[in-house]
Every structure is written in structure tokens, then in C-alpha cells.
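# Sequence unavailable; structure follows:
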């Protein structure tokens with residue numbers, strides 16, 4: 001009724017309203033028919049299995065793609081179980097090694113070289129969140145890998161932030177970016193640079209921990225040796241007091257003159273009432289030895305001597321091989337002996353060319369060594385060479 005009145009009063013509006021009503025009814029009827037068909041039909045189990053397999057195959061790729069999207073620009077934050085001073089010394093050394101790991105320049109090398117330490121860089125905004133900040137910058141870097149959409153020449157920078165957490169822990173944050181020189185576009189890292197730089201720092205820290213442990217063990221061994229030396233005189237005196245006295249043996253009595261006279265030889269024709277004694281031979285002659293026995297003895301002696309010589313040669317060769325493994329020579333023009341495995345560590349002494357050192361600890365970049373005069377320290381691996 002209302003619709004009829006609307007058609008009479010306003011024909012155009014009435015016609016539009018009538019069309020909407022008819023379309024709505026037609027849509028409702030279509031939906032009812034489809035719903036009834038779905039309820040009546042049965043879905044094939046094979047179709048369900050294929051659908052599930054397709055979803056299981058595609059889901060990991062979608063998740064990995066989403067993960068890759070989120071990983072750009074996240075950086076790396078890790079709690080290091082070392083004091084701030086130790087971590088700072090290692091980070092300073094890493095910023096001065098001239099290498100940015102985890103990326104490469106236009107597929108040329110395994111890493112980017114020529115980086116320099118810096119106090120600040122335009123690649124990062126000023127840091128205002130506290131802590132100690134260090135930078136390593138490489139200018140004129142060509143198309144570095146592992147940065148999102150990077151493909152031009154620009155500045156590659158790594159930022160290290162240290163914040164102490166208690167007395168024995170330090171929070172380390174590492175971020176890496178690439179900024180184009182022409183468009184000044186910033187490209188975030190996918191985490192490869194941050195992870196590789198942290199691995200380098202961790203290797204240095206592990207070397208410090210190993211050096212600490214070996215120092216403690218050496219001190220314990222020294223204390224043990226001192227204790228043994230102190231107890232040695234007490235043990236000697238105790239054993240001497242507990243040792244039983246040896247019985248004294250009286251010397252044999254000298255023979256009487258009458259007995260000596262009776263033992264002399266009696267001349268022929270002289271009667272002797274006492275018993276006749278045969279003269280003793282003070283220098284008995286050994287039984288004769290045959291030529292075969294002498295040859296056998298000589299052959300056995302020759303075999304033993306030759307065996308000793310052969311074993312001596314092999315032992316000497318073995319010692320030389322061991323020396324080549326654990327000893328090194330300082331290359332020209334010499335090398336500094338450092339107190340810790342960092343370039344910034346204090347120099348204990350200057351080792352001249354050809355100085356022999358004994359390797360105690362081996363790290364990816366440093367050797368913990370001992371000199372012939374008993375001095376311990378660290379030498380950069382490239383400063384040493386094997387024995388000739």
C-alpha cells in the first residue's frame with residue numbers, strides 16, 4: 001500500500017524502490033537454493049585431503065615471507081655475561097679491525113674491507129637513549145648485500161651500543177644500515193651484518209674467558225707445587241726417623257800364624273803329619289768359548305744397537321713434528337706481545353723477527369703464547385709463521 005502510494009506520488013522513486021525489493025527477493029531465493037544444495041551434497045574426502053595438503057605446503061612459504069619482511073631493520077640486542085669494561089675493550093678492537101662482516105661489496109669478497117672507526121655518522125640519527133656508542137663506517141660502498149633494495153654507492157655503517165646491567169652483565173645492541181649517496185635513501189639490514197659482528201665480538205670474549213680459566217688453573221698448579229715442596233722435608237725427616245737401624249757385622253778374625261804356615265806347600269821328602277791342602281787358585285781360567293757362541297753374541301749385540309739407533313731417529317722426527325705444531329716464529333718486522341687479544345690492549349714487549357714462541361691458546365685471530373723467558377701474552381696470528 002505504501003509502495004503503491006509512493007508510485008502514484010513520485011513515480012521515479014517508486015519504481016526504484018520496487019526494483020530494489022524485487023532484487024532482494026531474488027537474491028534471498030538464490031541463497032536459499034545454494035544453501036540447500038550444499039546441505040544435500042557430500043564433499044569428497046579426496047578433495048578435503050588435497051585442500052589440506054595444499055594449505056600445509058603454502059603456509060610455511062607465507063610465514064617465511066612474512067618473517068623476512070619483519071626481519072629488516074630489527075637489529076640485534078643481546079645480554080652478554082661480561083663486565084662493561086671487558087665488552088667495551090672488545091668492541092673498540094672490533095671497530096678498528098677494518099672489516100664489516102655479514103655482507104660483501106658487489107659479490108667481490110667475503111666481507112667488506114676498508115672500514116674505519118668513527119664517533120658519529122650521518123647514516124644514523126643521534127643516539128639519545130644512554131649508554132656508550134661506537135661506530136664503524138665504510139664510505140663509497142658499492143651495492144652491499146643483505147640490505148633491502150640496495151643497489152647504489154653509499155655509506156655502510158654499523159652502530160654498537162653498550163649499557164651495563166648489574167656488575168657482571170652488559171646489554172649489547174648492534175644495528176647496521178646502508179645510505180645511498182645520491183638519493184640519501186636508507187636501507188635496513190636483514191640481520192646478517194649484526195649477527196656476524198656479534199660472532200666476532202663473542203670470539204674475542206670467549207678468548208678472554210679461556211685466558212682467565214687458564215690463569216686460574218696455572219695459579220692452582222703453582223700453589224700445589226709449592227705445597228708439595230713444603231711437605232717434602234717433613235716427609236724425609238719422618239721417613240728417616242721411622243727407618244729401623246741396620247745390624248752391625250763384626251769383621252772376620254785374621255788367621256793364626258800357625259794356620260798360615262800349615263797352608264804353605266811342603267817340599268818333597270819332608271814328612272807332614274797334618275792334612276795336605278790343595279793350593280787355591282786366585283785367578284781361575286774361564287771355560288773356553290766356541291766360535292759359534294762368540295758369533296751369536298756379536299750378532300745379538302749388533303741387532304740391539306741398530307734397534308736403538310732406529311728408534312732414536314723416529315723419536316727425533318716425532319719431536320720435530322710436535323715442535324712445528326706448537327711453536328711459531330715471529331715474522332718480519334717483529335710483533336708486539338699484547339696483554340689481551342685486542343689491538344687496543346697494552347703492549348707487554350716487542351718481539352723481534354725470528355723469536356720463537358710456544359702456542360698455548362688458539363683463537364680465530366690471535367694466539368696466546370709463551371716466550372722462552374716465560375712471558376705470557378697474545379700475538380696476532382698473521383704476525384707468526386711456522387718453523388722451517
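Received, thanks. Computed from a predicted model, the values in this text were never measured in an experiment.
# And the strands in the stretch 51-200 of the chain?
Taking DSSP state E, counting those that start in this stretch as the test, the strands found in the stretch 51-200 of the chain are 76-80, 99-100, 112-113, 116-118, 132-142, 153-165, 169-180, 186-188.
# Dump those into CSV; add distance to residue 387 and mean neighbour count as well.
All C-beta spots, glycine's among them, are computed from the backbone N, C-alpha and C. Output for the strands of the stretch 51-200 of the chain, formatted as CSV (distance: least, Cβ to Cβ, whole Å; neighbours: other Cβ atoms under 10 Å):
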stretch, distance to residue 387, mean neighbour count
strand 76-80, 38, 14
strand 99-100, 29, 22
strand 112-113, 30, 18
strand 116-118, 36, 14
strand 132-142, 36, 18
strand 153-165, 38, 21
strand 169-180, 39, 22
strand 186-188, 48, 19
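# Out of these, flag the one nearest residue 386.
strand 99-100 (24.5 Å; Cβ to Cβ).
# Let's test this: mean pLDDT of that closest one, rounded?
Average pLDDT, strand 99-100: 92.
# Give me every residue in contact with that strand, excluding its own residues.
For strand 99-100, the external contacting residues (Cβ atoms under 8 Å, 6 or more residues apart in numbering) are 111, 112, 113, 115, 136, 138, 156, 158, 176, 193, 197.
# Would you give the sheet partners of it, along with the direction of each?
Next to strand 99-100 in the sheet, as set by DSSP bridges, lie strand 112-113 (antiparallel).
# pretty sure residue 147 is in contact with residue 105, am I right?
No - using Cβ atoms under 8 Å, residue 147 makes no contact with residue 105, being 11.3 Å away.
# quick one: which of these two has more around it?
More neighbours surround residue 147 than the other of residue 147 and residue 105, with 25 against 20 (other Cβ atoms under 10 Å).
# For residue 154, see how far away the more buried one is.
Separation of residue 147 from residue 154 (Cβ to Cβ, to the nearest Å): 9 Å.
# Need the residues touching each of those two.
residue 178.
# what number of residues lie near residue 192?
16.
# no wait, residue 143
The burial count assigned to residue 143 is 16, neighbours taken as other Cβ under 10 Å.
# Which residue, neighbours along the chain excluded, lies closest to it?
residue 106 (4.7 Å; Cβ to Cβ, 6 or more residues apart in numbering).
# same deal with residue 115?
Nearest non-adjacent residue to residue 115 (Cβ to Cβ, 6+ apart): residue 138, at 4.1 Å.
# Run through the bridge partners of the one you found.
residue 156.
# Hmm, residue 112 and it touching each other?
Yes - look at residue 138 against residue 112 with Cβ under 8 Å: they come within range, at 5.5 Å.
# Common neighbours of those two, please.
Listed as contacting both residue 138 and residue 112 by Cβ under 8 Å, 6+ apart are 100, 156.
# now for the longest helix anywhere in the chain, which elements pack on it?
Criterion DSSP state H: the longest helix present in the chain is helix 192-242. Here helix 192-242 touches strand 76-80, helix 84-95, strand 153-165, strand 169-180, strand 356-362, strand 366-371, going by 3 or more Cβ pairs under 8 Å, 6 or more residues apart in numbering; DSSP states H and E.
# Save those as CSV, and put in distance to residue 18 and mean pLDDT too.
Shown next, in CSV, are the helices and strands packed on helix 192-242 (distance: least, Cβ to Cβ, whole Å; pLDDT from 0 to 100):
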stretch, distance to residue 18, mean pLDDT
strand 76-80, 67, 94
helix 84-95, 79, 92
strand 153-165, 67, 95
strand 169-180, 63, 95
strand 356-362, 92, 89
strand 366-371, 90, 89
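# May I see the ones you listed organised as CSV, with distance to residue 206 added?
Output for these, formatted as CSV (distance: least, Cβ to Cβ, whole Å):
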stretch, distance to residue 206
strand 76-80, 11
helix 84-95, 10
strand 153-165, 18
strand 169-180, 14
strand 356-362, 10
strand 366-371, 11
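# Minimum distance to residue 21: which of the ones you listed has it?
Closest to residue 21 of these is strand 169-180 (Cβ to Cβ; 61.5 Å).
# and that closest one with helix 84-95, angle?
Here the directions of strand 169-180 and helix 84-95 differ by 30 degrees (axes from the mean of the first three to the mean of the last three Cα atoms, to 10 degrees).
# Could you list the paired strands of strand 169-180 along with their orientation?
Partners of strand 169-180 in the sheet, by DSSP bridges, are strand 76-80 (antiparallel), strand 153-165 (antiparallel), strand 186-188 (antiparallel).
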